[in-house]
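Trainee: After the sequence you'll find the predicted model.
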Amino acid sequence: GEDVEQSLFLSVREGDSSVINCTYTDSSSTYLYWYKQEPGAGLQLLTYIFSNMDMKQDQRLTVLLNKKDKHLSLRIADTQTGDSAIYFCAAYSSASKIIFGSGTRLSIRP
Amino acid sequence: SAVISQKPSRDICQRGTSLTIQCQVDSQVTMMFWYRQQPGQSLTLIATANQGSEATYESGFVIDKFPISRPNLTFSTLTVSNMSPEDSSIYLCSSIPGTSPGSEQFFGPGTRLTVL
């Protein structure tokens, strides 16, 4: 079945760019998602990308998709303290369900 | 988009009892799912709630332990049966409102369950 993997932690300096990486195994995944979860809060859908796209930009967020390598990344420009959260990558698999990665905890250094 | 509410928001239960969690969506949706998020962990899909038929369970989850109902296109319940402390988790309902599978998926606020 589908497997989605991410690194567990990322630490960046305030004002720098953050890049969170994700890999998935199901080459037929049609949609790929990024969710944000702040402490004690629910899941917030940040953005998603169709598999026929290479890039999607939305304000400070840029999603890059390398379908050949099954690699997805989320870039947050000008990272702020409010960006501290866990970021989950997820993929819509050919089995009609969405599988989540382990989440990357982003921490911001002053 | 879809707005999803869950009841209860949290509960503390005794070992051996059962709890039913309700999920209400503000519009008709094609697909509804139940996830579990254990402390400090990612989301694990429990099952897909199918309208008018039995839910489709993921490996490691069974109907006797997690019976699910979905009587219509806006409502679903998940029961956690014969609870043990290992069932302490956040349980999340989600839906895909679009008719195109894989489009935006929205989540409810979750039900935080503690089993003593």
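Mentor: Nice, thanks for sending it over. Remember, it's a predicted structure, so these values are computed and weren't measured experimentally. Residues are numbered from 1 along each chain as shown, chains lettered A, B, ... in the order given.

Trainee: what's near enough to touch the closest residue to residue A:6 other than its chain neighbours?
Mentor: With C-beta to C-beta, 6 or more residues apart in numbering or on different chains as the measure, residue A:101 is the residue that lies nearest to residue A:6, at 4.1 Å, once sequence neighbours are left out. Just so you know, the C-beta spots here come from the backbone N, C-alpha and C atoms, and that holds for glycine as well. Applying C-beta atoms under 8 Å, 6 or more residues apart in numbering or on different chains, one finds that residue A:101 lies in contact with A:4, A:5, A:6, A:22, A:88, A:89, A:90, B:42.

Trainee: how about 10 Å then?
Mentor: Residues in contact with residue A:101, defined by C-beta atoms under 10 Å, 6 or more residues apart in numbering or on different chains, are A:3-8, A:20-24, A:33-35, A:72, A:87-91, B:42-43.

Trainee: roughly how far apart are it and residue B:113?
Mentor: With distances defined as C-beta to C-beta, to the nearest Å, the gap from residue A:101 to residue B:113 amounts to 23 Å.

Trainee: likewise residue B:67?
Mentor: Residue B:67 sits 15 Å away from residue B:113, taking C-beta to C-beta as the criterion.

Trainee: neighbour count winner among these two?
Mentor: Counted by other C-beta atoms under 10 Å in any protein chain shown, residue B:67 and residue B:113 do not tie: residue B:113 has more neighbours, with 20 against 17.

Trainee: what about that one, is that helix, strand or coil?
Mentor: For residue B:113, the secondary structure call by DSSP: H, G, I helix; E, B strand; the rest coil comes out as strand.

Trainee: Which residues does it form beta bridges with?
Mentor: Note on residue B:113: beta-bridge partners residue B:11, residue B:89, judged by DSSP bridges.

Trainee: I figured it hits residue B:91, correct?
Mentor: Yes: between residue B:113 and residue B:91 a contact is recorded at 6.2 Å, counting by C-beta atoms under 10 Å.

Trainee: Least confident secondary structure element in chain B?
Mentor: One helix or strand of chain B scores below all others by mean pLDDT, DSSP states H and E: strand B:106-107, with a mean of 86.
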